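[1] Fold the following.
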Amino acid sequence: MSRTRPWRDGVHAALDWLFPPRCAACDEPLSPGQRWLCAACAPGLTPAPPARDPTAGFLYGGPLAAVLRRYKYGGRLDLARPLGHWLAPLLPAHAAWVPVPSSRAALRRRGFDPLRLL
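    Model (predicted):
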């Protein structure tokens, strides 16, 4: 329980009871202790092969692809923070995000810029 804001833990517990957290990839309910991927989806994340200058932490496919599609095209803005927290440690200290600009049509369709939220 948080010492600075004890009410926060109660609010989070009530929200989890009213709106049980679901897997970001398959939408199944999460078990206690699971953050954003269920036990079935988490092992499906395939680490990228080691490289001298890594450009990706994981291969695109499986649960990762499902999460990114839900975020970018399904309007799941709630996934921005967990994705950012999860991806940030995968970057080497000297690396930086290099955004690929979205087209105006894509921005209109989505209503948000996915990379800017990360």
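[2] CA only for contacts and neighbour counts going forward, please
    OK.
[3] which residue packs closest to the most centrally placed residue in the chain, ignoring adjacent ones?
    The centre of the chain sits closest to residue 83, judged by CA atoms, centre = their mean, with a distance of 2.6 Å. Nearest-residue entry for residue 83: residue 118, 7.1 Å, with adjacent residues in sequence omitted and distances by CA to CA, 6 or more residues apart in numbering.
[4] and the gap between the one you found and residue 79?
    Taking CA to CA, to the nearest Å as the criterion, residue 118 is separated from residue 79 by 9 Å.
[5] Could you do residue 115 as well?
    Summarising the geometry, the distance separating residue 115 from residue 79, computed by CA to CA, is 12 Å.
[6] Next: residue 59.
    Using CA to CA, one obtains 19 Å as the distance from residue 59 to residue 79.
[7] And for residue 73?
    With the distance defined as CA to CA, residue 73 ends up 12 Å from residue 79.
[8] where exactly do the strands run in the chain?
    Taking DSSP state E as the criterion, the chain carries no strands.
[9] so where's it shaky on pLDDT?
    Residues of the chain that meet the criterion pLDDT under 70 lie in 1-4, 12, 52-55, 95-97, 99.
[10] same thing but at 50, please
    Per-residue confidence for the chain (pLDDT under 50) gives these ranges: 1-2.
[11] just to revisit the earlier point, have a look at residue 115 and residue 79 and say which one is more surrounded.
    Summary of the neighbour comparison: residue 115 and residue 79, criterion other CA atoms under 10 Å, with residue 79 having more neighbours (18 against 15).
[12] Might one say that the more buried one is in contact with residue 23?
    No: between residue 79 and residue 23 there is no contact under CA atoms under 8 Å: 10.4 Å.
[13] From residue 102, how far out is residue 109?
    For residue 109, the distance to residue 102 (CA to CA) stands at 11 Å.
[14] Then residue 11?
    For residue 11, the distance to residue 102 (CA to CA) stands at 36 Å.
[15] before we move on, the earlier item: so for residue 109 and residue 102, which sits in the more crowded spot?
    Between residue 109 and residue 102, residue 102 has the larger neighbour count (other CA under 10 Å), namely 13 against 10.
[16] I figured the residue nearest to the centre of the chain was touching residue 117, is that so?
    No: under the contact definition of CA under 8 Å, residue 83 does not touch residue 117, with a separation of 9.9 Å.
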